[in-house]
Structure formats: structure tokens, C-alpha cells
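[1] With the input below, show me the fold.
(one chain, ligands or ions: 1)
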Amino acid sequence: MEKDWWKKSVVYQIYPQSFMDSNGDGIGDLNGIIQKLDYLQNLGVDVLWICPMYASPLVDNGYDISDYYKVNPIFGTNTDMEHLIDEARKRNIKIILDLVVNHCSDQHEWFQKAKADPMCEEADYFYFCSTEDDQEPNNWRSNFGGSVWSRLPDGRWYYHTFAKEQPDLNWECKKLRDKIYEMINWWLEKGIAGFRVDAITFIKKDLSFASKEVPSGERYPVEKLTDYPGIGVFLNEMKKQCFEKYNCMTVAEAPGVDNQAFERYAGKEGYFSMIFDFGWENMEEENDKSSIEAVERWKKKIFQNVSNNSKIGWSAIFLENHDQSRCLNKFLKKEAINFYSASALASIYFFLYGTPFIYQGQEIGMTNVEWKNIEDMDDVRAKRTYQEAVDQGKNPQEVLAYFSELGRDNARTPMQWSDEKNGGFSIGIPWIKCNDNYQVINVEHQIHNPGSLYNYYKRLIKCYHDHADIVKNGAFHTLYENEPGLIAYEREWNGTVLTVAVNFTNQKLAMPYIDQPCILHNYKAVNTSQMQPYEARIYYGRSAEA
Ligand code: NOJ
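    Prediction:
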């Protein structure tokens, strides 16, 4: 297999619970994914990232694993997993799995043993401590609200970065690390092509566990304690003992990795093949996202990040994932959402320096839901943070509005396959409600329509593959930076150049002349001196110096 094969690949992210339900129990499953492999092959993607499908009580939808070796029965069996890997391989599609090893579930055998017996080997796999008084050991705040410490009936406290049902694993313990590496290699031996590595910058703790200074009554956010000094020892060890042996793809979720640290994580000798570029993931701070000023600020962030990172290493570039709201809502005001703006958005990110990721439903333009009450939501983060905020006296409607716009459940509603009941996702009752707009936005309506967003994504992917050498090797240069509303850049390599030019506004824009053939665009006709609202063009030709 070609070294760095992932630099020529397009990844499609699947949230198994919401992708396709094959047995009518309202929950997506592995056989459902198998049924849709032809669809994915037709789209043209190379790799599927499957979010956690392991045994789990699903407190955090599978990011709380109770058995790393076992497929959750609600998704199928280990044999189904092997079948999926085989069927995907037949279609030239590779599978990567989620690797969740900062924490496990409190239902994992290790934690159950550690809970029962403070002296057993497994007690060293977690962070336990005792205090003289009834106070938590420090003032750190967990990512899902409240303290990072929870208490066992025998009085011991244990540490959790996320929910209390997700105890953190103690990476200082060599025996535990070896168990993790054994499990990673077991899956790699099964033929998977790599991992998306969850929350990995949290694995090294500040072992002083000393309280931090914060305004009185508040807690110190643990997300500030990411990439703690010494983490490299663990990450290099994992790379050596597992990933390196298989030429596998690893993509790390690495919050807290700044420009300085990027090289250690995703440079030539980095711990991983790539890390997600979170530098321009939303426009949360903008009141009018579709104003030229907002677009300019966003463009600056993209360009700063990509200009820096492209000289140092490789990124995973994305617009959506299972933790975020839908990209059309993140980057556009409601009135501006249409085929042109959606395809413009896709064109902006696809050829930036890195491996493009598509999240299920993004290719058909799925949107956020209008959540009317917190009970309709499922997400543990939304529910617990909502409760915490309301208990502190915040207005429930305001907190709900926040999660309605930015909550993770927006991405977790069932995939919209058709205009049939439940969007064709399930004949049962879906575990989370469908977006009401499935009758308008669905795969069936788009797949045979050459002018659909689905077919635009298909063309983008083909273009990516047709120009694989330039997307892998081409230097990134920004273009026309001072033209407000125009987002343009080029990738240049070996005498050739691929140019992306997108008018990301709802007005016409004067267009600088580009002396190359336009190979992909989202309008029917191309006017060389003017761009239509949300017009996107990709050009390819010889570079000026060639
Ligand atoms: C990041 C995952 O993407 C998210 O869904 C999960 O809740 C946390 N890590 C904890 O595993």
C-alpha cells in the first residue's frame, strides 16, 4: 500500500445509530451500513470512519465503552463487523474505527473490579483518591459540567474528563497501556485501516491535581489542561507499538494543540497521520454570518490556519461532525441556505491542505432541527449542561435556544434517504426524532438529479481523485485576499496549479481573470469577469512559472 495513502483519500463519517436501520428497531446498525455501501461507492469516498460501535451503555452514545473487543448488540455482531470490512474492501473502501482510550465506561469490567476492590490490579487503571473532608479533591470542571471528580460508595473519588459514567484511564500505568496497545493491534489485524482517535490530548494529567485560580464559585475548565507536558512519551509509544507497524491512518481529535504543537502531532514525524483542523470550525461569534465582514473574518481564520499548517504537516479538513451543528446553519444565515451556497461551502474546504471529511447527510444538505424542548434531545452534554445552567438560575428558554442552534443532536438525527416515513431510515420508531424536512431533503430526490448537491459532491470527489498528486503535494497559496467576499486559493505543484475561487456572498462580485480552464463550477455558465452569488469555480492548468 502506498505510504501516506490517506493524503489521496476522501473520508466519510458514519454515526452508526443514525445511518441506516436494517432490522426495524429504530437504531441504525452495521447491516444497515452494508446495505448502503453501493451508495457510498457511487459517491466516490475512499474511507469510512465509523463512530463507536463497541459494547456500551450509551450514556455518551458509545463514547463510553464497556468492552473494546465486542460490537454492541444493538449494532450487530463481530461477524457483521468482519462482513462489513470485507464488503467495503470489495468496493475499494477502507474502514477506520473510533479509538476511545482517554476513558472507558464505568460498566467496563476494569472499572467494576476497581470499584469492588481498591487493592486489585485494575484499581491502578484509573485515578482514585481520598480526601479528609467531603470536598472534591480539586476545583476542576468536567467537559460535560460539574466536577471532574465523582465518588464511589466507599468514599473514594475517581476522575472523569467527561461524564461521571466515563472514568478516565490512567496512562501512567504501564500494564494498562499494554492492554490498550494489544486491543488496538487486535483490531488492526482484523483488517481495519486505522483510527480516529478520540479526545487524545487529555490522556496526560497534571499529576499535582492542584486547584487552579478562578473567580470565586467557578470551576477551572479541564479543557485548558490538554497536551500536558510529557504526553509525547505515551503517544510515541502507541505509534511505535501499534500504528507504525500497519501503515495505518490515524486522525486525532486533538483539542488544545496550537500552531506551535501542530508539528509534534501531525508533522512528518508526528504522533498521528493528521489532526482535525478546528481553527475555523464555526462562526459562533458572528451575529450576521452571511455579512461580508463575517465572511472576511472567517476567511482570515481559514487562511491563517492553513497557511501555517500546510508548511508543517497534514490536517483533516471538515465542515461537520457528530459533535457540531450542521454546516449550512453554522456558516450561513437561514435565508441564504440553498444549493449554490451549500455547494460553494463544499468547494471552499475541499482542496485546502489535507484530507477532506464528509459527515453523513452533509452531501445532501441536511440542516439543523428546531428543538422545541429539552426532552426531545438525547445528548448527555446538552441535557446535563442545560440542567446545570437552569439550576444556576439561567433562563431555560435561552439555554434551550443555545443548544437548539449549536447542540450535537443536530447532527445525530436520522440520515434522510427518501421521503418515506422516517426518511426511509427505519420502519420502527427512530431513537431520536427525524428532521421534519426529510420530505424535501433526501437522497432519493437528489441522486438522479444531475444538478443536486449530492451530485456536486460527487463531482468534487472525482476532481479530488483526478488531481490526487496536486492535492497531496501542492503548496497552498492564498489568492486575492483583499477582494471582500471572495475566498480563493491555489494548490501548486510540479508546473501545475489547481485554483479554487468562491464568491461566498449573496451579491454579484467582479471576478479577477484566471487564465486556466474552469473544470468544475456550480452555475451553468461561467462569466469570466463576474461571479454570481455563491458561485464556485475550480480551475486547473499550468502554473505561471511553468
Ligand atoms: C469527543 C467525541 O467526539 C464526543 O462525541 C465525545 O462525547 C467525547 N469525545 C468524549 O468521548
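
[2] Only C-alpha atoms from now on, for both contacts and neighbour counts.
    Fine.

[3] How about the residues of the stretch 1-150 of the chain by the ligand?
    For the stretch 1-150 of the chain, the residues in contact with the ligand (Cα under 6 Å from any ligand atom) are 60, 63.

[4] what pLDDT does the residue of the stretch 1-150 of the chain found nearest the ligand get?
    Nearest to the ligand, among the residues of the stretch 1-150 of the chain, is residue 63, at 4.5 Å (Cα to the nearest ligand atom). Per-residue confidence for residue 63 comes out at a pLDDT of 98.

[5] what do you get for residue 349?
    Model confidence at residue 349, expressed as pLDDT, equals 98.

[6] That one and the ligand: what is the separation?
    20 Å (Cα to the nearest ligand atom, to the nearest Å).

[7] And for residue 265?
    Counting by Cα to the nearest ligand atom, the gap from residue 265 to the ligand is 17 Å.

[8] wait, residue 465 sits on residue 6?
    No - shown here, residue 465 and residue 6 do not form a contact pair, counting by Cα atoms under 8 Å, at 11.7 Å.

[9] Can you pick out the residue with more neighbours from those two?
    Comparing residue 465 with residue 6 by other Cα atoms under 10 Å, the one with more neighbours is residue 6, at 22 against 18.

[10] now that one, nearest residue through space, not along the chain?
    Closest residue to residue 6 apart from its sequence neighbours, by Cα to Cα, 6 or more residues apart in numbering: residue 249 at 6.5 Å.

[11] Quick one: neighbours of the one you found, just the number.
    24.

[12] Could you pull up phi and psi at it?
    phi -90, psi 130 (degrees, to the nearest 10).

[13] all numbers from here: first residue = 20
    That works, and once the first residue is 20, the last one we named lands at residue 268.

[14] thought it was touching residue 214?
    Yes - here residue 268 lies in contact with residue 214, judged by Cα under 8 Å, at a distance of 6.4 Å.

[15] Quickly list what's touching both of these two.
    By Cα atoms under 8 Å, 6 or more residues apart in numbering, residue 268 and residue 214 have these common neighbours: residue 115.

[16] Which single residue of the stretch 220-369 of the chain ends up nearest the ligand?
    Nearest residue of the stretch 220-369 of the chain to the ligand, counting by Cα to the nearest ligand atom: residue 342, 5.4 Å away.

[17] Give me the most central residue, the protein.
    Closest residue to the average C-alpha location of the chain: residue 340 at 3.8 Å, with Cα atoms, centre = their mean.

[18] For it, which three-state class applies?
    Counting by DSSP: H, G, I helix; E, B strand; the rest coil, the backbone at residue 340 sits in coil.

[19] ditto for residue 67
    strand.

[20] Burial check on residue 168, number of neighbours?
    25.

[21] got a list of what the closest residue to the ligand within the stretch 170-319 of the chain touches?
    The ligand sits closest to residue 218 of the stretch 170-319 of the chain, with a gap of 5.0 Å, by Cα to the nearest ligand atom. Going by Cα under 8 Å, 6+ apart, residue 218 touches 119, 121, 271-274.

[22] Out of the residues you listed, who's the most crowded?
    residue 271 (26 neighbours).

[23] which residue sits closest to residue 476, ignoring its sequence neighbours?
    Per Cα to Cα, 6+ apart, closest to residue 476 is residue 382, 6.1 Å.

[24] Which residues are in contact with the one you found?
    Neighbours of residue 382 in contact, by Cα under 8 Å, 6+ apart: 472-473, 476.

[25] from those, which single one is nearest the ligand?
    residue 476 (24.0 Å).

[26] check which helix or strand covers the closest one.
    helix 472-485 (DSSP states H and E).

[27] just checking, what packs against that helix?
    Judged by 3 or more Cα pairs under 8 Å, 6 or more residues apart in numbering; DSSP states H and E, the packing partners of helix 472-485 are helix 56-62, helix 358-369, helix 462-466, strand 537-540.

[28] OK, contacts around the residue of the stretch 20-169 of the chain closest to the ligand?
    Residue 82 neighbours (Cα under 8 Å, 6+ apart): 71, 75, 119, 123.

[29] and residue 485, how many neighbours?
    Neighbours around residue 485, by other Cα under 10 Å: 12.

[30] What strand or helix carries the residue lying closest to residue 535 once chain neighbours are set aside?
    Excluding its sequence neighbours, the residue lying closest to residue 535 (Cα to Cα, 6+ apart) is residue 560, at 5.2 Å. Element membership for residue 560 (DSSP H and E) is strand 555-561.

[31] Only alpha carbons, please: show that strand as CSV.
    Output of strand 555-561 as CSV, limited to C-alpha atoms (Å, rounded to 0.1, in the frame of the first residue of the first chain):
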residue,chain,number,x,y,z
ALA,A,555,-17.9,28.4,-7.0
ARG,A,556,-15.3,27.6,-9.6
ILE,A,557,-12.3,25.2,-9.7
TYR,A,558,-9.7,25.7,-12.4
TYR,A,559,-6.8,23.6,-13.4
GLY,A,560,-3.8,24.4,-15.7
ARG,A,561,-0.2,25.1,-16.0
